[in-house]
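> give the three-dimensional model of this entry:
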Amino acid sequence: MIPSDPSRPVIDPRRLVRDHGRDALAELVARESGYIFQLRPLKDLCLSLKSGMPLLAEGERGGGKTEMVDALAYSCNRPYFELQGMDDLTLKDILFEWDQPAQNNFVVQAVSTNDLSLAEARSRQWRREFLNLGEILKAYDYLATTGIVPIVKLDEFEKLPPVCQAFFYQLFTDGHASVPRLMENRGHIGVGKHDEKPIVILTSNNQHVVHPPLRSRCVYTKVRLPTDLEEARILHSRVSEASPDLLTQVVKVIRYIRIMMPTVKDKPGLRESIALLRSLTSADVAEISAEVIDDHLGFIARNADDLANLELGLMRLERAAHTADAFIDQMIDGVFSEQKIQLREVA
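From the prediction side, this is the model:
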C-alpha cells in the first residue's frame, strides 16, 4: 500500500463528483497531476464513483489507462493499493492464505504447555491472527477497519487466468470475501454489501479475455489513443516548463517515427513522448539534433531491432524536427494560448 501524504490535503473524489460534478474532478486531476481526461472515460469514472462499482478501462497501450488511475490517486491523495496482472498469481496474492507454520507452532505450544486440549488448540488456529491477506482483500479490510476509502488499481487485469478472475466476483458484488474456517465475523473479511467500497479500477489492453461475469460487475469504459491535438495538450500539461519550440520539435519527431518509419514496429506512445520531453527539458535542450536524439533513444526504442532502425534514421529525425508543418505549428500555438482545461473529446 502507498499511504496518503500527510503534508497534502486528502480529497474524497466521490463527494467531489456528487457535490460539484465531473468537471470539478477533471480540473482537480489536471491541476495536481497534469493528466487530462478523455470525456468518455471521465463520464464512466464518475458513474463508477457514484455507484460504487469497479471501473473496467480497456484500450490500446499508450492511451493513458494506467496514468488515469495513478493521477486520480495522487490528485486525491488517497491510500493506494495496486496489483499487476500476471498469469501466475494465486489466491494468496489476491485474497488470502493461512499461515500454516504459525498455526502449527500455536497448536504445539498450546498443547505442550497444557493451556489447551489438542481439539481446542486445533479449533483456535483458525483465528484472524493466523491469516495473511492478499493485496486486494487487504484494501477492503483497510476500509473496514479504518473507514478510509482507498483506491485500488488492477493493472493489465486480462492477464489473470479465469480461475483468478473468479476470485473477484464476491468482492465486487458483496464487498467482502468468505474465508473458510475463519472464526471471527462469520468468516467474512471486508465491508458489507451495501456499505461504501474501495474505488477499484481495472485496466486491460484487450490482449486476453476479461470474462463476462466479471464485466457484468463493472462500469465499462474505452480509453482511445489520443489525437495529435490531445497529445499536444497532454504533453504541455505534463511538462508545462517545456518551451513551445521544444514541444513542437518533439511532436514532429514522434509523429515522423509513427508515420514515416515503418521499420520501427513498436511505435512510441504517449508515455514515451512525455519521458522524452521531460528529459530534454531537464537537460535544458533548446534544439533537437541527431546527436541529441541519439542520446535519448532509450526513451523511444522498445527493442533491439527498433533501436537499430532509429539509429539509422537519426538525420531524418533531425530534419523532421525542423521541417515546417503548418498543422503542427498552429496546433502548438493554440495549445499554449488555451486558458481553460480542455477535456479530450472523442468521437
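> what's next to the lengthiest helix in the chain, contact-wise?
As far as residue count goes, and with DSSP state H defining each element, the longest helix of the chain is helix 244-260. When contacts are taken as C-beta atoms under 8 Å, 6 or more residues apart in numbering, the neighbours of helix 244-260 outside the stretch itself are 228, 231-232, 235-236, 239, 242, 264, 267-268, 272-273, 276-277, 280-281, 285-288, 293, 300, 310, 316-317, 320-323, 325, 328-329, 331-333, 335-336. The C-beta positions use only the backbone N, C-alpha and C, and glycine is treated the same way.
> after it, which helix or strand is next?
Secondary structure here is assigned by DSSP states H and E; on that basis, the next helix or strand after helix 244-260 toward the C-terminus is helix 270-282.
> helices or strands up against the next helix or strand after that following helix?
Toward the C-terminal end, the helix or strand that comes next after helix 270-282 (DSSP H and E) is helix 290-295. The contact analysis (3 or more C-beta pairs under 8 Å, 6 or more residues apart in numbering; DSSP states H and E) places helix 290-295 against helix 314-322.
> report the buried residues of the helix or strand just after the helix it packs on.
Tracing the chain past helix 314-322, the next element assigned as helix or strand by DSSP H and E is helix 326-337. Buried residues in helix 326-337, counting neighbours by 16 or more other C-beta atoms under 10 Å, are found at 328, 331, 332, 335.
> want to throw those into TSV with pLDDT and distance to residue 92?
Rendered in TSV, the data for those read as follows (pLDDT from 0 to 100; distance: C-beta to C-beta, whole Å):
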residue	pLDDT	distance to residue 92
328	94	51
331	94	50
332	94	50
335	92	48
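> so what are the domain limits for the protein?
Domain ranges of the chain: 13-95+134-222, 228-337, per automatic domain parsing.
> most tightly surrounded among these?
Each of these was given a mean neighbour count from mean count of other C-beta atoms under 10 Å, and the largest, a mean of 19, is that of domain 13-95+134-222.
> residue 117 contacts residue 111, correct?
Yes: the pair formed by residue 117 and residue 111 meets the contact definition of C-beta atoms under 8 Å, at 7.4 Å.
> which of these two has more neighbours?
Legend: neighbour count by other C-beta atoms under 10 Å for residue 117 and residue 111, higher for residue 111 (16 against 11).
> identify the residues contacting the more buried one.
For residue 111, counting by C-beta under 8 Å, 6+ apart, the contacting residues are 117, 118, 121.
> with residue 310 instead?
Under the criterion of C-beta under 8 Å, 6+ apart, the contact partners of residue 310 comprise 257, 261, 264, 293, 297, 300, 301, 317.
> can you tell me which of those residues is nearest residue 148?
Of all the contacts of residue 310, the one sitting nearest residue 148 is residue 300; the distance, using C-beta to C-beta, is 40.3 Å.
> what sits against the closest one?
254, 257, 268, 272, 276, 310.
> for residue 54, state which of those residues is nearest.
Distance from residue 54 was checked for each of the contacts of residue 300 by C-beta to C-beta. The minimum falls on residue 272, at 28.7 Å.
> the closest one against residue 297, yeah?
No: with contacts counted by C-beta under 8 Å, residue 272 stays clear of residue 297, the gap being 10.6 Å.
> would you turn the buried residues of helix 326-337 into CSV with distance to residue 62?
Shown next, in CSV, are the buried residues of helix 326-337 (distance: C-beta to C-beta, whole Å):
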residue, distance to residue 62
328, 19
331, 19
332, 20
335, 19
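> which one among those residues gets closest to residue 83?
Checking the buried residues of helix 326-337 one by one against residue 83 (C-beta to C-beta), the nearest turns out to be residue 335, at 35.7 Å.
> so what's the closest residue to residue 65 other than its chain neighbours bridging to?
Ranked by C-beta to C-beta, 6 or more residues apart in numbering and with sequence neighbours excluded, the top spatial neighbour of residue 65 is residue 203, at 4.2 Å. Here residue 203 sits in beta bridges with residue 57, as judged by DSSP bridges.
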